[in-house]
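Q: Fold the following, please.
(3 chains)
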Amino acid sequence: MRNFEYLAPTQVKAAAQALSEHEGVTAVLAGGTDLLSLMKQRVANPQRVVGLRGIRELHGIAKQGGGMRIGAMATIQDLLDSKAAGAYTALMQAAKGITSPQIRAMGTVVGDLLQRPRCWYYRNGHGLLAMHEGKSMVPNGENRYHAILGNKGPAYFVSASSFAPALIALGAQVTVADAEGERQMPVKDLFRIPGAEGERENTLKPNEIVIEILVPSVSGWKTATYEVRQRRLLDWPLATASVACRMSGNNVRDARVVMGHVAPIPWRSSEAETALKSKGLSDGNAEAAGKAAVAAATPLSGNKAKVQLAGVAVKRAVMLAGGRSVV
Amino acid sequence: MSSNKPIEGSVEGSGAEQRKGFSRRTFIEGIGLGAGAVGSVVVTDGAQADHHVPVGPDPVSITLNINGKNHDLKVEPRVTLIDALRNQLDYTGAKKVCDRATCGACTVMLDGLPAYACTTFAIEAQGRKIETIEGISAGDKMHPVQQYFVEHDAQQCGFCTPGFVMAGKAIVDKNPRPSMSEVEDGLCGNICRCGTYVGVRQAVYDAAGKGSA
Amino acid sequence: MATKYDWPAVEDRSLIGKRHDRVDGPEKARGDAKYSYDRNLSGMLFARLVTSPVPHGRIIGIDTSRAEKVKGYKGHVNILNPGDEIQWAGKEVLAIAADTEEHARDAAHAVAVNIEKLDHWVKEEDVKKAGEANRVKPAKDDAKGPDLAAAWEGAEVTHEGYYGLGVITHCCLEPHGQVVDWTGDDIKVYASTQAVARIPADLAKGLSRDESIGRVEAGQVEVITPYMGGGFGSKFNIDTWGIACAQLSKKTGKPVKLMLDRNEEVTVAGSRPSDYGNVKVGAKKDGTIVAYESETWSTGGIAGRGSPPLPYIFDNDEKLAQKIRHLNVSTNIGPARAWRAPNHPQAAVLTMCPLEDLAAKLDMDPVEFFKKNADLTARPEVYRYEIDKCAEMIDWKNKWRKRGDSGSGPVKRGLGMSLHTWGGRPHDSTCEVRIEPDGGVSVSMASQDLGVGTYTTLSVVAAETLGLDIPDIRINIGNSKLPISGASGGSTTVGGTTASTRRATVNALEELKGVVAESLGVEAGDLMAKDHKIFAKSDSSKSLSWADACKKLGNRTITGQGKQPDRDGGKLNDSGVGGVQMADVSVDTETGIVTINKIAAVQDVGLVVCLKQSESQVYGALIQGVAWALYEESIYDQTSGKMLNADMEFYKLSGAGDIGELEVHMVQNKYDDRGVIGIGEPPAISPGAAISNAVANAIGVRVPTLPLTPDRILAALADA
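A: Okay, here's the model as predicted:
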């Protein structure tokens, strides 16, 4: 890890002012569970680290309006302990999937959204796009955990966030601050598929800070998250799905289906949503939604199994939302 | 580098993060800056140390509260809590194994919750209550988790043991009657290579509700 | 022939074979045990390695000029030099020392190594492709037993299949490395090693190649290793980093710590070779196996490796026709090192899996099938007994179903089994036991405790012999200046060290008995030590407490010597054990995820010294087995030639929540007269084959290669 200078302001504005507008020069530190690893690998090499721990307003989770506010320093454990969060089943199930008590206590919900991809080419210093002699090493390389959707290239990594699919399904927004002020945007708009080496997988500017997540009320919605993990505990999911269905009687009026770990961004499946619309949350409809979600998948040389796993994740998330047991 | 103005230019990065506009004037490899500002740090009423102005990259004076005792030391901002504990303060119970927030060998308690010391900057542990394996027994009397570790032979090479003991303590601190499945959940942030889990989970299960050392 | 050294008869044992707390348990549970990594010596420097990012190449130049200007830099030594060839990514090139760990990393990062790249190859499963890359060499071609063609002719049911398992790594939690403190002529080495007594000569030899240092004698070196954090077969040598660490200490005049980081540990400090192959087996309709034929291949890095002992266990040369062909694939990956039971886990997979498939084809219950064929093994009685015992433990009778008969839901349950063997003969060992006038007893030898329980087994043997308790014995091991004892490898330690300890303790006690006999006016031969007393068997009123007996020594200390081997020292050991394991798993056929419900293990090791620690060895082997059966795999990328998961995140080990219920039965009081036989390796052999067989039983098809990951299971189901 390269050395850096450190500061820990007590105001968001001061924190934003301390950030460089240039990529990679400064880094924002919340829980640190990803940043420290990136720095040790010399994948991130900030000259200055700005710690958010001292900014009181960024801590905590609270009801706000009809919804909930999650501050940038709120940890996964805070979320699990929060009364305000209890109604957001999809979010809580996603939180429970992050099983390490240490990560829960240290890692923040916002940090989960902004963690960099776990792609092993990237983590081993080959760059986010893993380019070698003009082409990506991924499509014919070791890609068992890589993308099956949104993988036309040159990006093949998968978004690693546990919470993004749930938050997108729940229609959440983030508030982003820089030295000049604040702006809000849907969680979905935080993510993008980079088109060239040097671009990131999120849309934040280097001198911006996500200061909070705002989750709207889910009254009238049924929501759920299902993760396919090889190991029951402490393992990255192979595929996840979060669903949120606004019900009209027994039928789905609106559906949001978002998959994780399948594409360079959290992948919203309009196909699966269409498959659910105006129908009940039966096992058969769940199965159909799962099939639809991966109908357009284009697996790489070694990740065909993920197509099935993502479909099963969607199916089981729908079944859970419908209050059914999954196996 | 002593004001909190934005830093101009970009770092000389590896691979993906490489950008133009790097200015050697501002930063050279993080090494030998010499005249860089060394902030002296004031810890105010148990709260986080005040770092309004940037400190480092040269060593910074900090105070860490470990097992109820304050320790003054000087660390570069990049020094992790595990390295500060082990290399500077000779608290060698917590181990450095994966060094990437996965295996739990470095587990300490921060403000009563288990944390990976390998993935915490020492400078950010100021003002927080740090508890290590060295602090949980009372003289000769071991903490119940430790006693049951011995009784159930929950250790072989023992290198993961302090981390598991701390994770186990975190479980029983919070829940006096955990189910075996809750014990497994609470231990999942730790990894043993010799394969001691049968004893470990039984030890933690039995230690629950038995108080402290 | 009976001797005075023989193990006490079962009715005379108060400690041997019983459950005891680990002697070093409290120190480890408190975090007080000082490992090599924990040594902080005054003025100590930190060293880091500079390693090759290139899997195959030739060093053109090494430029340390920038590194030498790094703050805190104290010195460096080359491990390789310009012109030297590199054969795997992560190969160590240079070691560099600085005042702090952070500065050492800075300095290592500032070294520029210029390497000319050469063609590399890191894949072996596709042996045809490896052959096209000119990486395949024949290693073994062997035929045994009755005529093979006739055997195939006579086989009524045959089965042919492809099986295998990938390369895994030791991933010791305490990485390889050491602290070296070179002061004057004395070289103290705090090494994380399985071979305390062997390291001095190893290091002296390595250092003597350095002309600037000149000749170094083994006697100058003292290795200090009271505790070490896992080896599993990978820590027998000082290695390049140990020599470099000593050179740095000499050069800087300071103690130097050089421990590998996790990436280095996983990449270069040990791996277990893969094995893949096509196997054909045949049997009579009644289940009698008549032929085994295999063509297998494996990689253990650039130098290749030996071949697995095939067919495994069922290898009777008179009854079974056998033809074995093995190929070595040379790859640019970190070199293989011994891994608990070298070659045996692979051989178990390549034998027990095809045999279980054959049993399914024969429509036979594997329990019956393996029992029927036990006559093809070296110890039919042991296996038959163990199979029955293990079947009872896992409730085989009620739970086992034929393949494809596991219900209609997506989750299928299945049972599988495997058998194994290992030698476990004792290594050479010398022991010195001292009895002090104050009653103190110490046992000393240059052995080591890898976590297997050496402190405890030696305490038990000495205390049992002297009629004392475990806490009365002080164990001095982990220092190379003590009487020489063997390296801990191949399950040889418990046999060797307990034998030498028994003999030394008996000898020391004899001398004490002589003193006591004079004082009590009885024959020394009439005296017995038990319950902290020495008394006359013929008249128990003639008795001295242990403390009083020792006081009679005046100012003299008794020193008893014992060694292994010892031709006149009785039969305290043997070699060759059997074990059986059975697994009960559930498989989610929609996700391909395997859950372990239970694993049962029955293990014979002759005379069990410490029951609790023996069981711990078996539990540990099963837990490691769950990992390599389901999760563990070193993943190498052909383009970059790197191991991509050299970490503990995607190099997956099992956790406390992955292991289900484990039940271990140590066979006791049945083969005790064979003496003490090693236990480290045997239980580590069968888990993969047993779990693979259980999965095949659950889902009705064979998943050919381990680890049994979801993608492989789904692919096998799709192909079915």
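Q: Around chain C, pick out the residues from the stretch 151-300 of chain A.
A: Proximity of the stretch 151-300 of chain A to chain C, by CB under 8 Å from any CB of the partner chain, involves residues A:228-236, A:238. Where C-beta positions appear, they are placed from N, C-alpha and C, glycine not excepted.
Q: Let me see the contact set for residue 207.
A: Going with chain A. Residues in contact with A:Asn207 (CB atoms under 8 Å, 6 or more residues apart in numbering or on different chains) are A:16, A:19-21, A:26, A:178-179, B:6.
Q: if you could check chain C rather than the one you did, that'd help
A: Neighbours of C:Leu207 in contact, by CB under 8 Å, 6+ apart: C:213, C:216, C:243, C:246-247.
Q: any chance you could read off phi and psi for it?
A: phi -70, psi -30 (degrees, to the nearest 10).
Q: pLDDT score for it?
A: Per-residue pLDDT puts C:Leu207 at 97.
Q: pLDDT weak spots in chain B?
A: Within chain B, the stretches with pLDDT under 70 are B:1-50.
Q: can we see that at 50?
A: Along chain B, segments meeting pLDDT under 50 span B:1-47.
Q: Next, count neighbours for the residue in it that chain C sits nearest to.
A: Nearest residue of chain B to chain C: B:Gly93, at 2.6 Å (CB to the nearest CB). Neighbour count of B:Gly93, defined by other CB atoms under 10 Å in any protein chain shown: 24.
Q: now swap in the one 5 residues further on and tell me
A: By the measure other CB under 10 Å, the count of residues near B:Cys98 is 27.
Q: same question, C:Asp588
A: Residues near C:Asp588, counting by other CB under 10 Å, number 20.
Q: Report the contact partners of the residue lying closest to it once chain neighbours are set aside.
A: Of all residues not flanking C:Asp588 in the chain, C:Val411 sits nearest, at 5.2 Å (CB to CB, 6 or more residues apart in numbering or on different chains). The contact partners of C:Val411, by CB under 8 Å, 6+ apart, come to A:327, C:586-589.
Q: Counting neighbours, what do you get for whichever residue of the stretch 201-327 of chain A sits closest to chain C?
A: Relative to chain C, the nearest point of the stretch 201-327 of chain A is A:Ala305 (3.5 Å; CB to the nearest CB). Taking other CB under 10 Å as the criterion, the count of residues near A:Ala305 is 24.
Q: how much space between it and A:Val294?
A: From A:Ala305 across to A:Val294, the span is 11 Å (CB to CB, to the nearest Å).
Q: domain parsing for chain C?
A: Domain assignment of chain C by automatic domain parsing yields the ranges C:10-22+C:426-564, C:36-118+C:171-268, C:341-424+C:574-719.
Q: What is the end-to-end distance of the last one?
A: As for domain C:341-424+C:574-719, its first-to-last residue distance stands at 33 Å under the measure CA to CA, to the nearest Å.
Q: State which one residue of chain C is found closest to chain A.
A: Nearest to chain A, among the residues of chain C, is C:Asp711, at 3.5 Å (CB to the nearest CB).
Q: returning to that earlier point: tabulate the contacts of C:Val411 in TSV, adding columns for secondary structure and pLDDT.
A: Listed next are the contacts of C:Val411 as TSV, based on DSSP: H, G, I helix; E, B strand; the rest coil; pLDDT from 0 to 100:
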residue	secondary structure	pLDDT
A:Val327	coil	80
C:Ser586	strand	97
C:Val587	strand	97
C:Asp588	strand	98
C:Thr589	coil	97
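Q: Out of these, the closest to chain B would be?
A: Of all the contacts of C:Val411, chain B sits closest to C:Ser586, with 15.8 Å by CB to the nearest CB.
Q: my guess is that closest one contacts C:Ala698, does it?
A: Yes: counting by CB atoms under 8 Å, C:Ser586 touches C:Ala698, with 6.9 Å between them.
Q: Settle it for me: which of the two has more neighbours?
A: Between C:Ser586 and C:Ala698, C:Ala698 has the larger neighbour count (other CB under 10 Å), namely 26 against 20.
Q: Check the average confidence over the helix or strand harbouring the more buried one, would you?
A: Using DSSP states H and E, C:Ala698 sits in helix C:687-699. For helix C:687-699, mean pLDDT is 98.
Q: Comparing the domains of chain C, which comes out most buried?
A: domain C:341-424+C:574-719 (a mean of 23; mean count of other CB atoms under 10 Å in any protein chain shown).
Q: circling back to that earlier point, out of the contacts of A:Asn207, name the ones that lie in helices.
A: Of those, the ones assigned to helices by DSSP state H are A:Ala16.
Q: Chain C: which of the contacts of A:Asn207 is nearest?
A: The nearest one, if we look at the contacts of A:Asn207 relative to chain C and count by CB to the nearest CB, is A:Thr26, at 20.0 Å.
Q: mind checking how far stretch A:303-322 is from the chain centre?
A: Distance of stretch A:303-322 from its chain centroid, counting by CA atoms, centre = their mean, to the nearest Å, is 17 Å.
Q: export it as CSV, just CAs?
A: The C-alpha trace of stretch A:303-322 is given here as CSV (Å, rounded to 0.1, in the frame of the first residue of the first chain):
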residue,chain,number,x,y,z
ASN,A,303,-20.1,-19.9,-17.1
LYS,A,304,-23.0,-21.6,-18.6
ALA,A,305,-24.2,-22.8,-15.2
LYS,A,306,-24.8,-19.2,-14.2
VAL,A,307,-27.7,-18.9,-16.7
GLN,A,308,-29.6,-21.6,-14.8
LEU,A,309,-28.5,-20.2,-11.4
ALA,A,310,-29.7,-16.7,-12.2
GLY,A,311,-33.0,-18.1,-13.4
VAL,A,312,-33.4,-20.1,-10.2
ALA,A,313,-32.6,-17.1,-8.2
VAL,A,314,-35.4,-15.1,-9.9
LYS,A,315,-37.8,-18.0,-9.5
ARG,A,316,-37.0,-18.5,-5.8
ALA,A,317,-37.1,-14.7,-5.1
VAL,A,318,-40.6,-14.6,-6.6
MET,A,319,-41.6,-17.7,-4.6
LEU,A,320,-40.4,-16.0,-1.5
ALA,A,321,-42.2,-12.8,-2.3
GLY,A,322,-45.3,-15.0,-2.7
